[in-house]
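> Make a model of this:
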Amino acid sequence: MEGPRNITEFFMLGLSQNPEVQRTLFVLFLVVYLVSVGGNLLIIMTIIFSPTLGSPMYFFLSYLSFIDTCYSSCMTPKLIADSLYEGRAISFEACLAQFFVAHLLGGTEIILLTVMAYDRYVAICKPLHYMTIMTKHLCPLLVGVAWMGGFLHSVVQLLLVLLWAQCNQSLCDLYPLLELACTNTFVIGLLVVANSGVICLLNFLMLAASYIVILHSLRSHNAEGRHKAISTCGAHFTVVALFFVPCIFIYTRPSTTLSVDKIVAVFYCILTPMFNPLIYTLRNAEVKNAMKNLWKK
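Now for the predicted structure:
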């Protein structure tokens, strides 16, 4: 083949060829998808209709839930359908579209999680200046920056695929594409690490550093303030770890695919969007009270 334009469709290998395992995966993925979408939509509706949740933290949380809903909807329905049918073909255009949207949402979420960590830093370390720093104009601007960063990241990833992926493939992700490419992929592997890997690792290190500063500053707070701050930051850092650690594992190594990559990809693409609403609601009394009031209304 001369290039990717000659490819019409790809065959998705899936997680298993065993029909019984496939049926089990169908039920599992369907339940996870419904819980994920339902939980994130519930958080969005609660924040929109609850006047007590008007702070910037909940503004960013609503966008995180929106991104998780879209992220889960981008990947999971195809996986659910593939668990029922033997034919797992996907067109070249659909594969690239899924690839682009997944990296758009993933890159946006990475930046948004960093923005949320900055919001917590200002709230805890500079409480008197919080409302003057996190203004109603700055918060939408930061969300816009997150979307723009995710878009640029996704465009770069898509260009790398179009330039180097010239043969048949089995999965709509970058390393499986490169694994079966017709050209030498050493340089492209380095570019992937520079684009995806460095973004993940750098943002994770920035987040870890911000929480070290926050924990150090909590020494001057009373016991109640420390407990509330640790609870809020603990929930956020748990979400960060669930999303960043698998991404760092996938994208900070050379362009090779491992047998465990499928499981890792399923974890951060499907399970993490389900865990996020559970983590934020179970550890946040304000969100739980707002949900109760909304349910009563």
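
> tally of neighbours for residue 68?
26 (other CB atoms under 10 Å). The way it works is simple: take the backbone N, C-alpha and C, and place the C-beta from them, glycine included.

> Could you measure from it over to residue 102?
Distance, residue 68 to residue 102, by CB to CB, to the nearest Å: 13 Å.

> Which element, helix or strand, includes the nearest residue to residue 109 once chain neighbours are set aside?
Spatially, and ignoring its direct neighbours in sequence, residue 109 is nearest to residue 67 (5.1 Å; CB to CB, 6 or more residues apart in numbering). Using DSSP states H and E, residue 67 sits in helix 56-82.

> With residue 151 instead?
helix 138-164.

> That helix to helix 56-82, inter-axis angle?
The directions of helix 138-164 and helix 56-82 differ by 30 degrees, with axes from the mean of the first three to the mean of the last three CA atoms, to 10 degrees as the criterion.

> what's helix 138-164 packed up against?
helix 56-82, helix 92-125, helix 174-179, helix 186-192 (3 or more CB pairs under 8 Å, 6 or more residues apart in numbering; DSSP states H and E).

> angle of the helix or strand where residue 243 lies against helix 92-125?
Element membership for residue 243 (DSSP H and E) is helix 223-251. Counting by the same axes, to 10 degrees, helix 223-251 lies at 150 degrees to helix 92-125.

> Any buried residues in helix 223-251, and which?
229-230, 232-233, 235-237, 239-240, 242-244, 246-251 (16 or more other CB atoms under 10 Å).

> Please verify my assumption that residue 200 contacts residue 110.
Yes - between residue 200 and residue 110 a contact is recorded at 6.5 Å, counting by CB atoms under 8 Å.

> Give me the common contacts of the two.
Both residue 200 and residue 110 are contacted by 244, 247, under the criterion CB atoms under 8 Å, 6 or more residues apart in numbering.

> Next up, the contacts around residue 290.
Contacts of residue 290 (CB under 8 Å, 6+ apart): 46, 47, 50, 52, 53.

> And the third one, how far from residue 142?
Separation of residue 50 from residue 142 (CB to CB): 22 Å.

> Spatially central residue in the protein, please.
residue 106 (4.4 Å; CA atoms, centre = their mean).

> Need the three-state assignment for the closest residue to residue 118 other than its chain neighbours.
Sequence neighbours aside, residue 210 is the residue nearest to residue 118 in space, at 7.0 Å (criterion: CB to CB, 6+ apart). Using DSSP: H, G, I helix; E, B strand; the rest coil, the structure places residue 210 in helix.

> show me what contacts residue 210?
117, 118, 120, 121.

> For those residues, work out which two are farthest apart.
Across these, the longest distance by CB to CB is 7.4 Å; it joins 118 and 120.

> Tell me which of those two has more neighbours.
residue 120 (21 against 16).

> Model confidence score at that one, please.
Per-residue pLDDT puts residue 120 at 87.

> wait, it sits on residue 217?
No - applying CB under 8 Å as the test, residue 120 and residue 217 come out as separate, 11.1 Å apart.

> okay, and the common contacts of the two?
With CB under 8 Å, 6+ apart, residue 120 and residue 217 have no common neighbours.

> So residue 279 is in contact with residue 235, correct?
Yes - the pair residue 279 / residue 235 is scored as a contact, 5.1 Å apart, by CB under 8 Å.

> Okay, buried residues for the helix holding residue 151 please.
Applying 16+ other CB under 10 Å to helix 138-164 flags 139, 142-143, 146-147, 149-150, 153-154, 156-158, 160-161, 164 as buried.

> just stretch 60-79 next, same as before
60-76, 78-79.

> Please save the CA atoms from that stretch in CSV.
Taking C-alpha atoms only, stretch 60-79 is exported to CSV below (Å, rounded to 0.1, in the frame of the first residue of the first chain):
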residue,chain,number,x,y,z
PHE,A,60,-14.5,23.1,36.9
LEU,A,61,-16.0,19.9,38.3
SER,A,62,-19.0,20.2,36.1
TYR,A,63,-16.7,20.5,33.0
LEU,A,64,-14.7,17.5,34.2
SER,A,65,-17.9,15.5,34.4
PHE,A,66,-18.9,16.7,30.9
ILE,A,67,-15.5,15.6,29.5
ASP,A,68,-15.8,12.3,31.3
THR,A,69,-19.3,11.7,29.8
CYS,A,70,-18.0,12.5,26.3
TYR,A,71,-14.8,10.5,26.8
SER,A,72,-16.7,7.4,28.0
SER,A,73,-19.2,7.8,25.1
CYS,A,74,-16.4,8.0,22.6
MET,A,75,-14.9,4.6,23.5
THR,A,76,-17.3,2.4,25.3
PRO,A,77,-20.3,2.0,22.9
LYS,A,78,-18.0,0.6,20.2
LEU,A,79,-16.5,-1.8,22.8
